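Undergrad: Give me coordinates for this.
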Amino acid sequence: MSAVTTRPRSAQEGAPVAPSRISPLTTVQHGLQLTWRSVLKIRANPEEVFGLMLQPVMFVTLFVFVFGQAMMGDWQTYRDFLMPGIIAQSVIFATMGTGFSLSQDVEKGIFDRFRSLPIARSAPLIGAILGDLVRYAITVVMVMVVGLAIGFRPDGGFLGVLAASALVLLFAFALCWMSAFVGMLARTPMAVQSFAMILLFPLTFGSSAFVAPDDMPGWLAPIAANNPVTHVVDAMRGLMLGGDAAAPVAWTLFWTVVITAVFFPLAVWAYRRRT
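TA: Residues are numbered from 1 along each chain as shown. The predicted structure is shown next:
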């Protein structure tokens with residue numbers, strides 16, 4: 001007669017185990033894998049793309065044809081001045097969706113599933129933000145299509161438009177971390193939207209996107225001139241329409257680095273705290 005020795009099976013045996021330390025390269029790989037998930041969400045929700053397409057048409061039509069005559073005497077001149085600002089405003093407003101979407105995912109328990117996977121803790125945030133950049137690129141394309149349809153012809157040509165688009169998307173990437181931070185702090189998606197509007201409305205309308213700072217009241221002009229969005233819009237105007245773009249591009253890159261350096265760790269901290 002022989003005895004059979006059995007070994008108790010651990011409850012965790014067979015479950016994925018996260019490595020003790022994940023390298024930055026592996027973190028990027030995990031983030032890119034989850035980026036594809038965000039892109040697939042766009043395919044599954046085509047109404048989101050429709051909203052991204054409709055909003056630029058509405059903004060360009062309202063501001064160019066309603067305010068153009070009053071602002072600069074003829075709507076064609078205001079159209080050329082406005083187009084870079086409309087692109088920047090549309091993309092910056094779209095960053096609100098990052099925090100809103102992340103808050104929804106937390107409510108649905110999706111991030112609890114991510115936490116059980118052997119992936120970097122920041123990978124879900126990276127994936128969500130990089131996936132949102134695809135949405136912002138669609139917004140940029142739509143604004144340009146509407147602008148071209150009403151006669152906008154940028155002197156900087158295709159390369160100037162491409163450089164301006166890349167710059168505003170880079171700045172939006174930084175703002176997405178601020179949006180993600182708000183999304184992780186606010187308790188509900190609606191609260192995220194309210195906080196984001198409070199932050200982004202003064203940032204965009206208090207810039208040179210729609211009115212030159214020199215035409216603003218004396219107390220507001222220096223604030224608008226030093227607004228990060230003003231630097232972005234001025235850089236886009238220089239690249240798209242011609243003119244000095246070196247200084248505003250440098251300022252835009254500076255603000256991009258600062259905002260990312262501040263809000264990336266805060267967003268990851270808030271994500272770990274909430275999940």
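Undergrad: Low-confidence stretches in the chain?
TA: Filtered on pLDDT under 70, the chain yields the residue ranges 1-21, 46, 48-49, 51-52, 111-112, 275.
Undergrad: Looks like residue 26 contacts residue 120 (just checking).
TA: Yes - taking Cβ atoms under 8 Å as the definition, residue 26 is a contact partner of residue 120 at 6.6 Å. For every residue, glycine as well, the C-beta is placed using N, CA and C.
Undergrad: between these two, which one's more packed in?
TA: Ranked by neighbour count (other Cβ atoms under 10 Å), residue 26 and residue 120 place residue 120 first, with 22 against 14.
Undergrad: can you pull out the helices in the protein?
TA: Counting by DSSP state H, the chain has helices at residues 24-44, 46-61, 68-72, 75-94, 96-108, 110-115, 123-149, 157-185, 189-205, 221-225, 228-241, 246-274.
Undergrad: Quickly compare those and say which is most buried.
TA: Comparing the helices of the chain by mean neighbour count (mean count of other Cβ atoms under 10 Å), helix 228-241 ranks first with a mean of 26.
Undergrad: what's that one packed up against?
TA: Using 3 or more Cβ pairs under 8 Å, 6 or more residues apart in numbering; DSSP states H and E as the contact criterion, the elements in contact with helix 228-241 are helix 75-94, helix 157-185, helix 189-205, helix 246-274.
Undergrad: possible to save the ones you listed as CSV with distance to residue 38?
TA: Converted to CSV, those look like this (distance: least, Cβ to Cβ, whole Å):
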stretch, distance to residue 38
helix 75-94, 14
helix 157-185, 11
helix 189-205, 16
helix 246-274, 15
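Undergrad: between the ones you listed, which gets nearest to residue 43?
TA: Between residue 43 and the helices and strands packed on helix 228-241, the tightest spacing by Cβ to Cβ is seen for helix 75-94, at 17.7 Å.
Undergrad: now the closest one and helix 189-205, what's the angle there?
TA: 150 degrees (axes from the mean of the first three to the mean of the last three Cα atoms, to 10 degrees).
Undergrad: Measure how helix 75-94 sits relative to helix 228-241, angle-wise.
TA: 130 degrees.
Undergrad: Which residue, other than its chain neighbours, is closest to residue 177?
TA: Of all residues not flanking residue 177 in the chain, residue 263 sits nearest, at 3.8 Å (Cβ to Cβ, 6 or more residues apart in numbering).
Undergrad: Residue 220 now?
TA: Leaving aside its sequence neighbours, residue 220 sits nearest to residue 206 (Cβ to Cβ, 6+ apart; 7.2 Å).
Undergrad: same thing with residue 22?
TA: residue 120 (4.6 Å).
Undergrad: just residue 246 next, same as before
TA: Distance criterion Cβ to Cβ, 6+ apart; nearest residue to residue 246, sequence neighbours excluded, is residue 238 at 7.9 Å.
Undergrad: Correct me if wrong: the one you found contacts residue 245.
TA: Yes - Residue 238 lies in contact with residue 245 (Cβ under 8 Å); the separation is 2.7 Å.
Undergrad: Surely residue 89 and residue 206 touch.
TA: No - using Cβ under 8 Å, residue 89 is not in contact with residue 206; the gap is 11.6 Å.
Undergrad: Determine which of the helices and strands packed on helix 228-241 approaches residue 149 most closely.
TA: helix 75-94 (11.0 Å).
Undergrad: Which strands or helices does the closest one pack on?
TA: With contacts defined as 3+ Cβ pairs under 8 Å, 6+ apart, helix 75-94 has these neighbours: helix 46-61, helix 68-72, helix 123-149, helix 157-185, helix 189-205, helix 228-241.
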